[in-house]
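1. Fold the following for me, if possible:
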Amino acid sequence: MATDRRPRVLLLTSGPLDGRRGADTDLAMALVESVHEVRYCWFRKWPRPDERVRHLTGRPVPLASLDGVPHLSERLQAATHGLVRARRCDLVHAVLTIGAGFPPFSRLWPYLAGDAAPVLHTVPGVMDPALLARTRPLGVTVALSGATATALRTAGFDRVRVVPPVVRTADWPRRPRPAADPPTVLITGHHDPQGGIADAVASAAVARREGARFRLVLALRARPGQNVRALERAVRARAAREGLPDTEVLGHVEDMPARVAAASVLLYVPRSLGGKADVPLTVLQALATGRPVILSDLPQFESLRNVVLRAAPGDRDHTGRLLAQVLARPRWWQELADRGPAAVEERFGEKRFASRYLSLYEELMR
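-> Model (predicted):
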């Protein structure tokens, strides 16, 4: 029987890959799908794994979880499995956002893991910059943007690299402009105080007062513990007060490619990312699809500066005027739509992503 001699890499996440969708799990799944020169060990739900991980290669490790959300139980299981399997693998690749529980984990890992495999830590996001002062590097650290890399180095992380996230353009092909009348404006984000939802709705109201005609759809993910129904009612009430009573508010979206393809513009204007990926995948997916994107001008979005439209965080008037103008000017819309797919392929393509991570793996396993 042939033996698989590829290096073994433990993909350490806070929960199963087929659990709650987020920056961590999306990035981890992209690694398994893109880097074929190693054999990954990754977490899945038990007893009912999701269909979307059945095609993944490598060795799945079951975590007892009914909903796939990384509750305390799932996190403890992941840490325990990680410590055991780190001694059986050639490399540990942690894909973990730096949240409230990460600083103690980062301090305990070296003592508990001992001389186990070297660690590469990809940081999809940082929930609060103040956490960095209490965090210790697990090994070489990967940031998704130059802004986060600078913050990590300032906090004492001495080996920091930058590898942008990936979009598999085969899954997000370019689409023609929708013919729907009125056009759809898609707003994405979380129900966070600094997440920009209030700003986005108010900006849409400015665009409406400028004469723009559109249908507003909000696709909003909830954080664990949030009262989703109450939050969605509040968003609908806010939209009605702003003169947008026909607004559609969605929670989890099963077919996001269809939603993005049906939209004419994506609006994402947070004042703070609050743990979301430095370059949220929905933004890149919209650009790959050929959709103009309006972003708040945060430093994490620097790599998209010449591809998207930008407004200062909280500047509802300017954001609204940009939205009204791009909807009213077909040539400008088309120019922006043409920029997106080429930029995504060049800067966030699968081959470049896989090559850079494979180089890091080879460097750490020498």
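
2. Point me to the helix or strand that includes Leu322.
-> helix 316-328 (DSSP states H and E).

3. all strands for this protein, in order.
-> Per DSSP state E, the chain carries strands over the ranges 8-12, 39-46, 59-64, 91-95, 119-123, 140-143, 160-162, 184-190, 215-221, 248-250, 265-268, 293-296, 309-311.

4. With mean neighbour count and distance to Arg168 as extra columns, can I get the ones you listed in a markdown table?
-> C-beta here means a position set from N, CA and C on the backbone, and glycine is covered the same way. Formatted as a markdown table, these follow (neighbours: other CB atoms under 10 Å; distance: least, CB to CB, whole Å):
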| stretch | mean neighbour count | distance to Arg168 |
| --- | --- | --- |
| strand 8-12 | 25 | 17 |
| strand 39-46 | 22 | 17 |
| strand 59-64 | 17 | 21 |
| strand 91-95 | 25 | 17 |
| strand 119-123 | 25 | 17 |
| strand 140-143 | 23 | 19 |
| strand 160-162 | 17 | 20 |
| strand 184-190 | 24 | 19 |
| strand 215-221 | 21 | 20 |
| strand 248-250 | 16 | 23 |
| strand 265-268 | 26 | 18 |
| strand 293-296 | 24 | 18 |
| strand 309-311 | 20 | 25 |
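
5. sorry, back to before: convert the C-alpha atoms of the helix holding Leu322 to PDB, please.
-> Extracted in PDB, the C-alpha atoms of helix 316-328 (Å, rounded to 0.1, in the frame of the first residue of the first chain):
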ATOM      1  CA  ARG A 316     -22.900  59.500   5.700                       C
ATOM      2  CA  ASP A 317     -23.300  62.400   3.400                       C
ATOM      3  CA  HIS A 318     -20.300  61.600   1.200                       C
ATOM      4  CA  THR A 319     -21.100  57.800   1.300                       C
ATOM      5  CA  GLY A 320     -24.700  58.500   0.200                       C
ATOM      6  CA  ARG A 321     -23.600  60.800  -2.600                       C
ATOM      7  CA  LEU A 322     -21.100  58.200  -3.900                       C
ATOM      8  CA  LEU A 323     -23.900  55.600  -3.900                       C
ATOM      9  CA  ALA A 324     -26.300  57.900  -5.800                       C
ATOM     10  CA  GLN A 325     -23.600  58.800  -8.400                       C
ATOM     11  CA  VAL A 326     -22.500  55.200  -9.100                       C
ATOM     12  CA  LEU A 327     -26.100  54.100  -9.600                       C
ATOM     13  CA  ALA A 328     -26.800  57.000 -11.900                       C
END
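
6. What residues sit buried inside it?
-> Using 16 or more other CB atoms under 10 Å as the test for burial, helix 316-328 gives Arg316, His318, Thr319, Gly320, Arg321, Leu322, Leu323, Ala324, Val326, Leu327.

7. now for the longest helix anywhere in the chain, which elements pack on it?
-> Across the chain, the longest stretch assigned as helix under DSSP state H is helix 330-348. On a contact count with 3 or more CB pairs under 8 Å, 6 or more residues apart in numbering; DSSP states H and E, helix 330-348 meets helix 281-289, helix 316-328.

8. Check the buried residues of helix 316-328 against Ala343 and report the nearest one.
-> Distances from Ala343 to the buried residues of helix 316-328, taken as CB to CB, are shortest for Val326 (16.9 Å).

9. could you check the distance from the closest one over to Thr150?
-> For Val326, the distance to Thr150 (CB to CB, to the nearest Å) stands at 31 Å.
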